[in-house]
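[1] Build me a model:
(chains A, B and C)
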Amino acid sequence: MELNTLTAHNLMELLKKGDICPIDICNNIINKIEKTEKSLCALAHFDKEKVLERCSNLSKGAEKGALWGIPIFIKDNICVEDELTTCSSKILKGFKPPYNATVIDKLTGLDAILMGKTNMDEFAFGSSTETSCYGPTRNPWDLERIPGGSSGGSAAAVAGDEAIFALGSDTGGSIRQPAGVCGVVGLKPTYGRVSRYGLIAFASSLDQIGPITKDVEDAAILLKAISGHDEMDSTSADMPVPDYLSGMKKSIKGLKIGVPEEYFIEGMDKEVKNSIKVAIEKLEKLGAVCEDTSLPHTEYAVSVYYLVATAEASSNLARFDGVQYGLRADNIKSMIDMYKKTRKQGFGDEAKRRIILGTFALSSGYYDAYYSKALKVRTLIKMDFDKAFQKFDAIVTPTSPTAAFKIGEKISDPLTMYLSDIFTISANLAGIPGISIPCGFTKNNLPIGLQILGKPFDEETILRIAYNYEQNTDWHRIKPRLI
Amino acid sequence: MTYEIVIGLEVHLQLNTKSKVFCGCSTDFGSAPNTQTCPVCLGFPGSLPVLNRQALELGVRVAIALSCRIAKEIRFDRKNYFYPDLPKNYQISQFDQPLAQHGNLSIEILQPCGLQDEPSAMAQKNIRIRRVHLEEDTGKLFHQKDYSLIDFNRSGIPLLEIVSEPDMNSPEEAYSYLTALKSILEYIDVSDCNMEEGSLRCDANISIRKKGDSALGTKTEIKNMNSFKGVKAALEYESKRQMDSLEDGKRIIQETRLYNAEKCVTEPMRSKEEAHDYRYFSEPDLAPFDFEESLLEKIHKGIPELPEPKKNRFIKDYRLSNYDAAVIVSDKDTADYFEKCANLYVNPKAVANWLMGDISAYIKENSVSIKDLNLKPERLSDMLKMIDSGVITGKIAKTLLIEVIKTGIDPRKLVKAKGLEQISDNNLLENAISETIAENQKSVNDFKNGKDNAVMFLVGRVMQKTKGRANPNKVNEMLREKLKGVK
Amino acid sequence: MAINKDTVKYTANLARIELSDEELDHFTGQLDKILAYVDKLNTLNVADLKPTSHVLKMKNVYREDAVKNSLPVSGAIKNAPLAENNLFKVPKIIDIEA
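    Next comes the predicted model:
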């Protein structure tokens, strides 16, 4: 059996029965990586020997953690102690943090096996994983196409069966959009649900870590594993974490689902539009009550996002200066020269562009017109959702306006690239949870994602809708044939 | 031309917390380089700050002691600038919603006219406090010949910035402000206030204008002053420099100048200063803080009586002069000591004199604090009572005081053991006086020839003979009586 | 034009990024396009709105004043491009600024 193609909950059963050992799973994965990684480029750092070592160091006693023996991949912007953590950027060349992110402590505490780091857009700046210093990740469904981004490496690894499941991070759609275009499940939790400690910040008020998995059950398992209050993160919510696994299995009969008209815009892919319509009909058949609604400030989301996120990023990325870690330019004349040359050499185009944009939005004379205004419009976007959730239990939309586009297609036109996040950004601005699940294919055999958005801290309801949908469809069972 | 000097001060105060403001690293001074650092205060990627509540509470103590208006909700902001001692290249500080604003500090100044050093020449002046805010300290740079080294132990220590309005009009007033501020800060026990160790730092803004002008002149910012005296000296130099410039028809350039303590001058910074554009924005990693009334009340209750009200009370209750009271309350421990003695002994003025005289001298000479001084208030008051009741002389008391401090023995026992009682036996005195007259015929003659002063010399000799134990008034009296009879 | 080359140059300097002339041209054009798009925010009246900098309600998050273990100094400096005696080493800095 090819264990690498299975889900975590399948593997947990097999492990429990004693049919397989963790090393069997790891070996399957290693074999698969050796076969396909060259064409997929989903991984940033992978060390076979270390994986085998971790495998043999697993606790063998009776006390086994809930994720005992389950391999997991981690996006390259999440700190793992003494392991390369580089955000797929030259500027963090060689950086091995002397500490773990809280989510890593949680996962290893549950006896999961850390496999390595997945490729990403540099500092999570992108929607295509083309801006990585390690080269672009490819979509397992079509190697000429992008896997989405910025967690494209995690999504491609999961879709391509190089991984059982993986962690991603989502600032404006970076989990949901790649999950959508790679045909897997991606969940962005409510802001504050998962500790950000050890997640290298892109935009601190928007970032969340979340699971990318092969099915909804795995998403629930992984979300449960990483959620909860952390005293190291002041923005982490002190709220109980429900048992998602049992909660999601309840029927969705009577749940009220809003369908916002602003998410069915002109110019969006007809195939995507149709798939979503069909999916909504399916939900209605399952007993949900779907109704049109409006989130009137949706069209401003991209503008708000690219001011707020870049402003925060410009400050968060100021620390990459060659003083304490990472790259330092050679032949420097002075301190300022060192800063400027290091950052010139260390950052790619998109990082430079966003840092400059964010610096501009905050700078004297422009703050009110750009940054401050964006924060006020963010209030309107948040209010749209507050209002909608008075009436609805959840909102469904397409994850992206199109299926995966071609590598190189949008890279030279940043604004067009930014607009591919148009449906995912609002959830980050409002802090609410969202999940993307497979809901069909284009005629070119490219996956289409359905996005379900929920109330703050109500991941349970979106998992429940997703699970019910998934149980009654087969999309998640279809695997890419190319590799 | 008569000029008016205008000075505003910015004080940075390290707050006395055990751990840093946003992480659990120790704040101990003087540890080996980078041993008190962690991902948070090193600004490593992925690390996040969590507010130390004690730092905030100490900040509130200061704000209350300076009669500030405390914000209902405070927020932290990022102040963005690149500097190698700033590990994140932004400082977590407070911008538009600081901890507190609109405070006041009353300082002692000398009246412009009137006799200097006379108690009546002292007057009060109110200096307005613009704002008080909490921020994190930076690391420390060590400049070598060809490179610089950074220690981040200091990075993240809680700093309170206290900014005054430009209400001071002389370097003396600036000095007085700092003294008064330090005194308050020590009273409320929030900081070591040690300028040498850097726990208190001060920058100044100074400008001058023609007397009577309402518009402010161009100011310069003075940095790198390492003591209160240094602040005064720097401002004296800088005000004179500005006046000379204006007299020469030159303009003052707005700039930052560094004080050179060796040369006692201010010098423009060598590096080109860029226009500051700090791009402040609300710190997304920290939650806002609402002050509940109950918390403020709790902090308020913990604040002791402050120097100014204490001084007024001492003047009223103990009938001290303004000058004596001001000196005594400037240090909280001294004030507490005084008050204990004054409650044990009837004459507070005498206590004040001893405190400001012999005791203060001993403390200075031996660099001890009054708290650690081996002289309980009970002992001092016993000694004073012995003087009043004629058991010992004032002169003996001076040596006795040192003896008591050194040995810790009860002064009454010491007096007995060492036989220091005042000689009240007339026969003993008679003998000493007779001997003195016999031995000092010249002085006796002088006295007889009308030099009244000569008697003082003779009194001194008698005191010597009795090792200070004689009552000088009595000796004087008896001597004069005796000299009348001497041929 | 929402932004010109001088502003981009000034901003890049604030952000301590050196740009080649080519990059400067390139970025100016792209940023101008992005800012033109962002201009749609000006169609909204936001005068009475409060800015949202923390999206979910939270306040008074703090820790007690207790000392925790620091990193071993080797961990603190192990990633340093240059270090000397456990201190981070950088080019000479002119002037002392507190």
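[2] and the spatially most central residue of chain A, what does it touch?
    Central residue of chain A (CA atoms, centre = their mean): residue A:175, 2.0 Å from the mean position. Contact analysis of residue A:175 by CB atoms under 8 Å, 6 or more residues apart in numbering or on different chains lists A:151, A:154, A:168-169, A:186-188, A:210-212, A:436. Any C-beta I mention is one placed from the backbone N, CA and C, and that applies to glycine too.
[3] again, only using 7 Å
    Counting by CB atoms under 7 Å, 6 or more residues apart in numbering or on different chains, residue A:175 touches A:151, A:168-169, A:186-188, A:210, A:212.
[4] Tell me both backbone torsions, phi and psi, for residue B:225.
    Here is the backbone geometry of residue B:225 (degrees, to the nearest 10): phi -100, psi 130.
[5] Does it touch residue B:231 like I think?
    Yes - the criterion here is CB atoms under 7 Å, and residue B:225 meets it with residue B:231 at 4.7 Å.
[6] Okay, and the beta partners of residue B:151?
    Residues in a beta bridge with residue B:151, per DSSP bridges, are residue B:140.
[7] Closest one of the contacts of residue A:175 to chain C?
    Comparing those against chain C with CB to the nearest CB picks out residue A:188 as the nearest, at 13.0 Å.
[8] quick one, what contacts the nearest residue to that closest one once chain neighbours are set aside?
    Of all residues beyond its chain neighbours, the one nearest residue A:188 is residue A:170 (3.8 Å), with distances taken as CB to CB, 6 or more residues apart in numbering or on different chains. Neighbour list for residue A:170: A:176, A:188, A:208, A:210, A:428 [criterion: CB under 7 Å, 6+ apart].
[9] So which of those is the closest to residue B:289?
    Nearest to residue B:289 out of the contacts of residue A:170 is residue A:208 (CB to CB; 23.6 Å).
[10] Next one: the closest one relative to residue C:23, how far apart?
    From residue A:208 over to residue C:23 the distance is 32 Å, taken as CB to CB, to the nearest Å.
[11] More neighbours: which of these two?
    Comparing residue A:208 with residue C:23 by neighbour count (other CB atoms under 10 Å in any protein chain shown), the higher total belongs to residue A:208, at 26 against 18.
[12] That one touches residue A:191, doesn't it?
    Yes - at 5.9 Å, residue A:208 and residue A:191 qualify as touching, with contact defined as CB under 7 Å.
[13] What residue spans form the domains of chain B?
    Annotated domains of chain B cover B:3-294, B:307-418, B:426-485 [automatic domain parsing].
[14] Export those to JSON lines and append columns for distance to residue A:113, mean pLDDT and mean neighbour count.
    Converted to JSON lines, the domains of chain B look like this (distance: least, CB to CB, whole Å; pLDDT from 0 to 100; neighbours: other CB atoms under 10 Å in any protein chain shown):
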{"stretch": "domain B:3-294", "distance to residue A:113": "22", "mean pLDDT": "92", "mean neighbour count": "19"}
{"stretch": "domain B:307-418", "distance to residue A:113": "60", "mean pLDDT": "84", "mean neighbour count": "17"}
{"stretch": "domain B:426-485", "distance to residue A:113": "89", "mean pLDDT": "81", "mean neighbour count": "16"}
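[15] Any figure for the gap between residue A:175 and residue A:48?
    27 Å.
[16] so what pLDDT did residue A:473 get?
    Residue A:473 is assigned a predicted lDDT (pLDDT) of 97.
[17] Could you count how many residues lie near it?
    Number of residues near residue A:473 (other CB under 10 Å) recorded here: 17.
[18] now do the one 5 residues further on
    Here the neighbour count serves as a burial measure; for residue A:478 (other CB under 10 Å) it reads 14.
[19] Then residue A:38?
    8.
[20] and what of residue B:298?
    12.
[21] I'm done for today, thanks for sticking with me.
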